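Colleague: coordinates only, sequence not included:
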């Protein structure tokens, strides 16, 4: 059974920090590119950050560059999102996504249930 369990969300003041975690099970984590998405009320889900299977490459949305850092620990089957200098516009539900590479140009997508991040004074 595939599971992606996010944790670490909550309420934080502007300028504060949070660290999200996503614990994976039920699939081959080390063969999966991992992504964090977010969805704010009334807006479409957007890609925030992604990291390749070995962690050798990362990409970020322009809105979070320099403030957020994605990382992974393949020994623990866990991906992280360190969020610093948080702004009210970062308020959203954050989702963990795994894209498991199953063959040449073949993959499976898995999603977590999401964790709420609220940035407010």
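Modeller: That came in fine, so what should we check first? Worth saying up front: this structure is predicted, and the values here are computed from it rather than measured.
Colleague: Can you mark which positions in stretch 30-41 are buried?
Modeller: Neighbour counts using 16 or more other Cβ atoms under 10 Å place 32-38 of stretch 30-41 among the buried residues. Placement of C-beta: from N, CA and C, glycine included.
Colleague: go on, stretch 40-49?
Modeller: Using 16+ other Cβ under 10 Å as the test for burial, stretch 40-49 gives 48-49.
Colleague: So for it, first residue to last residue, what's the gap.
Modeller: Counting by Cα to Cα, to the nearest Å, you get 16 Å between the two ends of stretch 40-49.
Colleague: Please enumerate residues in contact with that stretch?
Modeller: Contact partners of stretch 40-49, identified using Cβ atoms under 8 Å, 6 or more residues apart in numbering, comprise 35-39, 58-61, 64, 68-70, 81, 89, 91-95.
Colleague: Tell me the buried residues within the residues you listed.
Modeller: Among the contacts of stretch 40-49, those scoring as buried are 35-38, 60, 64, 68-70, 81, 91-95 (criterion: 16+ other Cβ under 10 Å).
Colleague: So which of those belong to strands?
Modeller: 35-38, 60, 68-70, 81, 92-95 (DSSP state E).
Colleague: Which parts of this structure are helices?
Modeller: Here the chain has no helices by DSSP state H.
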